[in-house]
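Peer 1: output the structure for:
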Amino acid sequence: MTELNYFCWAENSEVDWYQQPKYRVFNVQLTEEEYHKIPKLYHRLEFDSGEDPSTRYQTAFKKMRDWLTTSQKQEYLNIPHFNAEWFKFITGIDVSKEVEEYTLEEVCKMLWKDIKIKK
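Peer 2: Presented below is the predicted three-dimensional model:
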């Protein structure tokens, strides 16, 4: 990926990564103006230097996912031209299977309400 692309892959393997087209999101070409309107997601990826390069992005994204809040995870899904299939290919995360578990206390905090369970 070039620094001016989000979740893109090389369409031409004969060309170095830094020579790929700029201003793309999930390989959809945007104008420079459209590209700069996309909110920048600066969640830090931590790479294991000893890991196989073919899987290190997926491992880093899965580690990051564990500490992101629900709203931060939603920011990724809100990227224009979001493509769940390619997101899974790049990150290893299948967003269609994301299930979150909460205690009743955590749900109450999210809703700003006290909840009483009826029988």
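Peer 1: any low-confidence regions in this structure?
Peer 2: For the chain, the stretches with pLDDT under 70 are 1-2, 11-19, 42, 98-100.
Peer 1: can you pull the contacts of the residue nearest the centre of it?
Peer 2: By Cα atoms, centre = their mean, the mean C-alpha position of the chain lies nearest to Tyr76, the distance being 4.5 Å. By Cβ atoms under 8 Å, 6 or more residues apart in numbering, the contact set of Tyr76 is 41, 82, 87. For glycine as for every other residue, the C-beta is placed from the backbone atoms N, C-alpha and C.
Peer 1: 10 Å instead, please
Peer 2: 6-7, 41, 43, 61, 65, 68, 82, 87, 91, 93, 95 (Cβ atoms under 10 Å, 6 or more residues apart in numbering).
Peer 1: put the buried members of the residues you listed into a PyMOL selection.
Peer 2: Here is the PyMOL command that selects the buried residues among the contacts of Tyr76 (16 or more other Cβ atoms under 10 Å):
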select buried, resi 6+7+61+65+87+91+93
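Peer 1: I'd like to know which of the contacts of Tyr76 is nearest to Lys116.
Peer 2: Leu68 (30.4 Å; Cβ to Cβ).
Peer 1: go through the chain and flag its longest helix.
Peer 2: When the chain is parsed with DSSP state H, its longest helix is helix 56-67.
Peer 1: so how far is the helix or strand just after that helix off the chain centroid?
Peer 2: Downstream of helix 56-67, the next assigned helix or strand under DSSP states H and E is helix 70-77. Distance, stretch centre to chain centre, for helix 70-77: 8 Å (Cα atoms, centre = their mean, to the nearest Å).
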